[in-house]
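S.K.: Quick check, what structure comes out for this input:
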Amino acid sequence: MGGDYIHNRLDFKEICRFSFSNIHFFKSVKTVIFAKPYVAVYLFHIVPFMKFINFLYIIFLSFCFIVVSCAKRPVKSPVVSETTTEVSRQGVKIVPDELQGDHTDNTSVQKSWNELAEQVENSETYKQLKRQTEATPVINPGNFSETETQHVKISNYDPFQGKEYLVYDLPAMESEFHYPCNGKLISNYGLRGRRMHTGVDIKANYGDNIYAAFDGVVRMAKYYSGYGNVIVIRHYNGLETVYSHNSKNKVKVNQVVRAGDVIALAGRTGRATTEHLHFEVRVQGQTFNPNLLIDVTNHKLQQKPLYVYKRGASILASNQEKETSEKLLATTNTSSESSKSQPSTVKSSVAGQDSPTADNSNATYHKIVKGDTLYGLALKYKTTVAAICKLNGISSKKILQLGERIRVK
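M.R.: Next comes the predicted model:
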């Protein structure tokens, strides 16, 4: 019995070798099962296993086929035709209407494109966008020196970068702006007796939030003389804004802030008689009237562009466009009619007060040279220091800059 069992096992191995290599596999299995029934027990375990191996093999081949097919598939890319000057991207053709169709004459096609380009360049919209793109500064503030972090008035950066003027499209910048404090105006920009008030005062309650007006980087955050707790932010557009009399500063130097971020809490530190925010706008250390930038009544930006000019060492601002600083200077000696419009804007941006209503056609100006003083100019032109300060909206302690033109009569 034992010998038969061994013999039968040998027979089964031989049958398996023969069956898996023979095309009549199933016939052989049938013959073996009927001849020796115990072989079915072995096949019951072997046949399902072989079917599973074949199934995995088929999946592997299918995967290889898919990979090879994807690798050979061409990648679509834009096609540029030299004859029709058209661009095709995913079946979409970008061609002017007058250039659609078959074209064989390259000269006529080039002429059509030139005419189209000329029409675009001559359009007012294109000129305005080009002017704004070329004039609007983009600076990268940050990593300020120790001097920059200790003083409010800093002029060692140049947002003009060789340009005649800067232009800010205020209506387009509305989404980038946040009003600095939710309060009403209590004191405007301009002279206070014999002193110059260099910003606007917005009423606030103690501890009210003070917000960053634009995106930028904190240049200064400390207690500073009459400003009390003050924060100065240099913005990416070249402007600097000042927030003072705060009860608490909540930002640090070189900290990046976004428009609307809470940077301080309102208070009355420094020289202040009530809780409020003193808000200034500066360019290269010099202030101009914040009313040219913000609408203090409606708590938003003005709906006119802002133009900032550099005249020698002075900074002028206006909501009216002047092509060059020379043209701006020329307007100061125009007739009385023009003196009520353009010069008044320039005066308000520097001094915070309107120009005199008198005729300016006989006005006298003096260009500052080395050694000039307000007292010396008063003696030379037979006037007084107070009169010169009133005409120019300046303080008697103002430091005169070489090349600056001031009105003496």
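S.K.: alpha carbons only for contacts and neighbour counts from here, please
M.R.: Will do.
S.K.: Specify which residues of the chain, grouped into ranges, have pLDDT under the cut-off.
M.R.: 1-51, 54, 68-111, 127-136, 322-362 (pLDDT under 70).
S.K.: how does it divide up, domain by domain?
M.R.: Per the record, the chain has its domains at 2-72, 165-363, 364-409, by automatic domain parsing.
S.K.: On the three-state scheme, A387 is what?
M.R.: helix (DSSP: H, G, I helix; E, B strand; the rest coil).
S.K.: What residues does it make contact with?
M.R.: V408 (CA atoms under 8 Å, 6 or more residues apart in numbering).
S.K.: And it, how far from I233?
M.R.: Separation of A387 from I233 (CA to CA, to the nearest Å): 35 Å.
S.K.: Also L166?
M.R.: For L166, the distance to I233 - CA to CA - is 19 Å.
S.K.: Those two: which is more packed in?
M.R.: I233 (29 against 23; other CA atoms under 10 Å).
S.K.: And what about that one, helix, strand or coil?
M.R.: I233 - assigned by three-state DSSP - is strand.
S.K.: Is C64 in a helix, a strand, or coil?
M.R.: Under three-state DSSP, C64 comes out as helix.
S.K.: Report how many residues lie close to it.
M.R.: Quick note: C64 (other CA under 10 Å) scores 10 neighbours.
S.K.: Ok, L61 next?
M.R.: Neighbours around L61, by other CA under 10 Å: 10.
S.K.: how would you label it: helix, strand or coil?
M.R.: Under three-state DSSP, L61 comes out as helix.
S.K.: and S187, what does it touch?
M.R.: V200, D201, I202 are the contacts of S187 under CA under 8 Å, 6+ apart.
S.K.: again, but for Q284
M.R.: Applying CA under 8 Å, 6+ apart, the residues contacting Q284 are K153, I154, S155, N156, Y157, D158, P159.
S.K.: Next one: the third one from I315, what distance?
M.R.: For S155, the distance to I315 (CA to CA) stands at 11 Å.
S.K.: Those two: which has the busier surroundings?
M.R.: It is I315, of S155 and I315, that has more neighbours when counted by other CA under 10 Å, with 20 against 12.
S.K.: does that one count as helix, strand or coil?
M.R.: Per three-state DSSP, I315 ends up strand.
S.K.: hmm, back to that, show me the contacts of S187 that map onto strands.
M.R.: Counting by DSSP state E, the contacts of S187 place V200, D201, I202 in strands.
S.K.: With respect to L400, which of the residues you listed is nearest?
M.R.: V200 (24.3 Å; CA to CA).
S.K.: show me what contacts the residue nearest to that closest one when sequence neighbours are not counted?
M.R.: Ranked by CA to CA, 6 or more residues apart in numbering and with sequence neighbours excluded, the top spatial neighbour of V200 is N188, at 4.7 Å. With contact set as CA under 8 Å, 6+ apart, N188 has these partners: H197, G199, V200, D201, G352.
S.K.: what do you get for K203?
M.R.: G183, K184, L185, I186, E275, H276, L277.
S.K.: go again using 6 Å as the cut-off
M.R.: G183, K184, H276 (CA atoms under 6 Å, 6 or more residues apart in numbering).
S.K.: Would you mind giving those as JSON lines with neighbour count and distance to Y309 added?
M.R.: Below are the contacts of K203 laid out as JSON lines (neighbours: other CA atoms under 10 Å; distance: CA to CA, whole Å):
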{"residue": "G183", "neighbour count": "18", "distance to Y309": "30"}
{"residue": "K184", "neighbour count": "15", "distance to Y309": "29"}
{"residue": "H276", "neighbour count": "29", "distance to Y309": "30"}
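S.K.: Closest one of those to G207?
M.R.: Using CA to CA, the contacts of K203 come closest to G207 at H276, 10.0 Å.
S.K.: For the closest one, give me phi and psi.
M.R.: Phi and psi for H276, reported as degrees, to the nearest 10, are phi -170, psi 170.
S.K.: K390 now?
M.R.: phi -70, psi -40.
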